[in-house]
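1. mind folding the following:
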Amino acid sequence: MPTLDMSLPELRAYAPELDEPADFDAWWAEQLQSLHERPELLSDEIQDTPFPGMVIRELVFAGADDDPVHALLTLPAARAEQDSELTGEPGLPGVVQCVGYGGGRGLPGQVPWYAMAGFAHLIVDPRGQGGDWAYGSTPDPSSAGAHAAGWLTDGVQAPETYYYRRTILDSVAAVRLMRTLEDVDASRIACVGGSQGGGLSLAAAALDGHVQAVCIDSPFITHIPRALQLASAGPYLEMERFLAVHPQAETTVARTLSYIDGASFASRLDVPTLFSVGLLDPVCPPSTCFAAHNLCPAPDKRIDVYPYGAHAGGGHRQVLAHCRWLQEHL
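-> Numbering: from 1, shown residues only. This next block holds a predicted model:
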């Protein structure tokens with residue numbers, strides 16, 4: 001079996017001790033105080049599409065620091081046309097999707113399968129991104145200071161100014177918003193995401209505390225110290241470039257990253273959680289995903305392993321696994 005990291009038996013046993021700050025939980029509790037329990041919905045517009053099986057709305061809501069965040073809500077048309085109060089039927093289970101590095105929410109109907117599987121689906125822009133491979137238009141007005149090209153080092157010299165503080169809070173706000181939508185059953189909400197979206201989903205699910213299921217593929221910003229040692233492609237190399245120019249910042253950077261590490265959030269998740277990993281992933285080394293899985297205390301968890309998969313892991317095979325997992329657990 002090919003490997004770029006540890007052998008599979010070693011990966012399955014890998015449960016590193018995390019070097020997280022003593023005030024990790026208190027710091028995040030303070031950050032969450034700045035978010036609305038019911039995020040303000042700034043805009044809600046039906047999208048004109050050629051898809052009769054789906055109703056798609058573009059939502060804009062207040063995220064971190066009350067900045068506007070764009071998302072697409074996709075509903076199965078048959079359910080969207082019903083009034084649940086009149087029919088007596090419960091709302092739909094909701095799936096909040098966080099997006100991978102460089103992408104955005106995409107165009108209406110670009111991610112149809114969660115609605116096809118019977119879920120209300122909310123896909124959320126990562127602020128400032130959406131110009132590399134999927135459309136996005138959410139600005140980041142709080143971008144701070146000199147940083148390497150990309151987002152990993154934006155504001156990284158303090159956790160309060162860091163890009164991923166804002167984006168994690170945006171993701172929590174999206175989950176809170178989903179619970180307020182009239183077509184959605186607030187007691188049945190899941191988070192899903194791959195790569196950057198996986199790291200954001202781990203954080204959002206752990207911080208929100210009401211999420212009922214999670215699906216995570218090859219998570220970025222997870223077990224970061226090891227990822228920085230092993231990654232040979234992708235965004236982690238931005239940190240290498242930044243520290244080559246700012247070597248004096250290494251200690252403060254390490255402190256900031258310790259507040260947003262997905263492995264720490266995974267260690268606080270106790271809901272059904274499905275992970276997946278490709279053993280040939282050069283972007284998010286397999287041991288970083290296994291660390292999150294192995295440290296996750298959820299009694300109902302699974303990791304799907306693709307021995308010949310790279311960063312995309314199982315691709316659409318894992319989308320099918322997501323839908324089955326969520327149908328079973330929501």
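2. ok, what's across the strand from the nearest residue to Leu41 once chain neighbours are set aside?
-> The shortest distance from Leu41 to any non-neighbouring residue, by C-beta to C-beta, 6 or more residues apart in numbering, is to Phe61 (5.4 Å). C-betas here are computed from N, CA, C, even on glycine. Counting by DSSP bridges, Phe61 is bridged to Leu41, Val69.
3. contacting residues for Phe61?
-> Taking C-beta atoms under 8 Å, 6 or more residues apart in numbering as the criterion, Phe61 is in contact with 39-42, 68-69, 71, 173-174, 177.
4. between those, which is nearest Val283?
-> The closest of the contacts of Phe61 to Val283 turns out to be Ala174 (C-beta to C-beta; 24.1 Å).
5. let me see the ranges of the strands in the stretch 101-250 of the chain.
-> For the stretch 101-250 of the chain, the strands defined by DSSP state E, counting those that start in this stretch cover 120-124, 184-194, 213-217.
6. just to revisit the earlier point, buried ones among the contacts of Phe61?
-> Among these, those classed as buried by 16 or more other C-beta atoms under 10 Å are 39, 68-69, 71, 173-174, 177.
7. now do stretch 11-30, average pLDDT.
-> For stretch 11-30, mean pLDDT rounds to 97.
8. mind listing what's buried in that stretch?
-> For stretch 11-30, a neighbour-count test (16+ other C-beta under 10 Å) marks 11, 14, 18, 24, 28 as buried.
9. contacts for stretch 183-192, please.
-> Under the contact criterion C-beta under 8 Å, 6+ apart, stretch 183-192 has outside partners 75, 79-80, 84, 90-98, 114, 119-120, 171, 175, 178-180, 201-202, 204-205, 210-216, 322, 326, 329-330.
10. switch the buried residues of stretch 11-30 over to CSV; also include distance to Leu35.
-> Listed next are those as CSV, based on distance: C-beta to C-beta, whole Å:
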residue, distance to Leu35
Leu11, 36
Tyr14, 34
Leu18, 25
Phe24, 18
Trp28, 11
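11. for whichever strand or helix holds Val319, packing partners?
-> Element membership for Val319 (DSSP states H and E) is helix 316-329. Using 3 or more C-beta pairs under 8 Å, 6 or more residues apart in numbering; DSSP states H and E, the elements in contact with helix 316-329 are helix 113-116, strand 184-194, strand 213-217, strand 273-278, strand 301-306.
12. can you do 6 Å?
-> Counting contacts by 3 or more C-beta pairs under 6 Å, 6 or more residues apart in numbering; DSSP states H and E, helix 316-329 is packed against strand 213-217.
13. same for the strand it packs on, what does it pack against?
-> Under the contact criterion of 3+ C-beta pairs under 6 Å, 6+ apart, strand 213-217 touches strand 184-194, helix 196-208, strand 273-278, helix 316-329.
14. okay, those in CSV with distance to Thr222, mean pLDDT and mean neighbour count next?
-> As requested, the helices and strands packed on strand 213-217 are exported to CSV (distance: least, C-beta to C-beta, whole Å; pLDDT from 0 to 100; neighbours: other C-beta atoms under 10 Å):
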stretch, distance to Thr222, mean pLDDT, mean neighbour count
strand 184-194, 11, 98, 24
helix 196-208, 5, 98, 29
strand 273-278, 10, 98, 27
helix 316-329, 17, 98, 17
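15. indicate which one of the strands of the stretch 101-250 of the chain is closest to Glu240.
-> strand 184-194 (22.9 Å).
16. show residues contacting the longest helix along the chain.
-> The longest helix of the chain (DSSP state H) is helix 163-180. When contacts are defined by C-beta atoms under 6 Å, 6 or more residues apart in numbering, helix 163-180 is touched by residues 35, 38-39, 61, 63-64, 69, 94, 96, 98, 122, 124, 126-127, 142, 151, 154-155, 184, 186, 189, 200, 203-204, 207-208, 260.
17. what's the angle from it to strand 120-124?
-> With axes from the mean of the first three to the mean of the last three C-alpha atoms, to 10 degrees defining the directions, helix 163-180 sits at 160 degrees from strand 120-124.
18. now do the buried residues in helix 163-180.
-> Neighbour counts over helix 163-180 (16+ other C-beta under 10 Å) mark 163-179 as buried.
19. ok, stretch 121-130 next?
-> Using 16+ other C-beta under 10 Å as the test for burial, stretch 121-130 gives 121-130.
20. endpoints of it, how far apart?
-> Across stretch 121-130, the terminal residues are separated by 19 Å (C-alpha to C-alpha, to the nearest Å).
21. what do you get for stretch 124-141?
-> Stretch 124-141: ends 17 Å apart by C-alpha to C-alpha.
22. same question, stretch 227-239
-> Taking C-alpha to C-alpha, stretch 227-239 runs 11 Å from one end to the other.
23. report the buried residues of that stretch.
-> 227-228, 230-231, 234-239.
24. same thing with stretch 32-49?
-> Neighbour counts over stretch 32-49 (16+ other C-beta under 10 Å) mark 32, 35, 39, 47 as buried.
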